[in-house]
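Undergrad: Okay, here's the prediction I keep looking at, along with the sequence it came from:
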Amino acid sequence: MKFVAIVGSNADISTNRTLLKFMQKHFADQADIEICEIMDLPAFNEPEDRKAPDAVSILAKKVQESDGVIISTPEYDHSIPAALKSALEWLSYSYRPFIDKPVMITGCSHGVLGSSRAQAHLRQILDSPELKARIMPSSEFLVGHSLQAFDASGSLIDQAKVAELEDCFAEFLVFVQMTKELLRQHPNTKAHRQFSWKEGE
């Protein structure tokens, strides 16, 4: 299995990045997890030449070639960060790499709720007609009080939380296989990766 893990923040220091790095190391014997940043992506603005920036093209290619995607999002004002929304807008506008792509959502926040509202919002966005991702259902991994959740080496301190994450990741592995089998039997022939919001194009 080869997964892309997207850090849903453009902050230099992020516990969501710490979580994904922990997952990359902890599950190394089960999957190859490549961590991808969005901090270098420009804010979305429809270009005159209709071409996405190179950084968007690179990220889109990695998502397309992966078996699945993990997104870890913080929560800002009960929603996802603007930088993550902008990144998804670039991807939906250009290459549409999330079509039928299995996605696992995780999240860390400094508060007690652990990005629960942001995760719910992210599910709605990924389910939109422009993205059409396959989001793992009935499963969310939340890390509240995330500034105290990791030790100096970047590992989750709470072993019960580690066990919960292991269960979620095991479910995701099964979900990826189930999605592949579903698409093998019922390929989505109507999915067009090139997309325009303008009529007649």
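TA: Okay, I see it. Numbering: from 1, shown residues only.

Undergrad: Please report how far the residue nearest the centre of the chain lies from I6.
TA: Note on the chain: the residue nearest the mean C-alpha position is I71, at 2.3 Å, using C-alpha atoms, centre = their mean. To I6, I71 is 5 Å away according to C-beta to C-beta, to the nearest Å. Every residue, glycine included, has its C-beta placed from N, CA and C.

Undergrad: Overlap of the contact sets of those two?
TA: Shared contacts of I71 and I6, defined by C-beta atoms under 8 Å, 6 or more residues apart in numbering, comprise L84.

Undergrad: circling back to that earlier point, checking the residue nearest to the centre of the chain next. Helix, strand or coil?
TA: Three-state assignment for I71 (DSSP: H, G, I helix; E, B strand; the rest coil): strand.

Undergrad: next one: the biggest helix by length in the chain to chain centre, how far?
TA: Longest helix in the chain by number of residues (criterion: DSSP state H): helix 159-185. Relative to the mean C-alpha coordinate of its chain, helix 159-185 is positioned 14 Å out (C-alpha atoms, centre = their mean, to the nearest Å).

Undergrad: before we move on, the earlier item: who's the residue nearest to the centre of the chain bridged to?
TA: In this entry, I71 is beta-bridged to I6, I105, by DSSP bridges.

Undergrad: Helices of the protein, start to end?
TA: In the chain, the helices defined using DSSP H lie at 15-26, 54-65, 82-93, 116-126, 159-185.

Undergrad: can you pull the buried residues of the fourth one?
TA: Residues 116-119, 121-123, 125-126 are the ones in helix 116-126 that count as buried (16 or more other C-beta atoms under 10 Å).

Undergrad: Residue ranges in this protein under the pLDDT threshold?
TA: For the chain, residues meeting the criterion pLDDT under 70 lie at 189-201.

Undergrad: now the buried residues of helix 116-126 as a markdown table including distance to F22?
TA: Shown next, in a markdown table, are those (distance: C-beta to C-beta, whole Å):
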| residue | distance to F22 |
| --- | --- |
| S116 | 20 |
| R117 | 23 |
| A118 | 19 |
| Q119 | 18 |
| H121 | 24 |
| L122 | 20 |
| R123 | 23 |
| I125 | 25 |
| L126 | 23 |
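
Undergrad: how much space between E65 and I58?
TA: Counting by C-beta to C-beta, the gap from E65 to I58 is 11 Å.

Undergrad: Of those two, give the one with the bigger neighbour count.
TA: I58 (14 against 10; other C-beta atoms under 10 Å).
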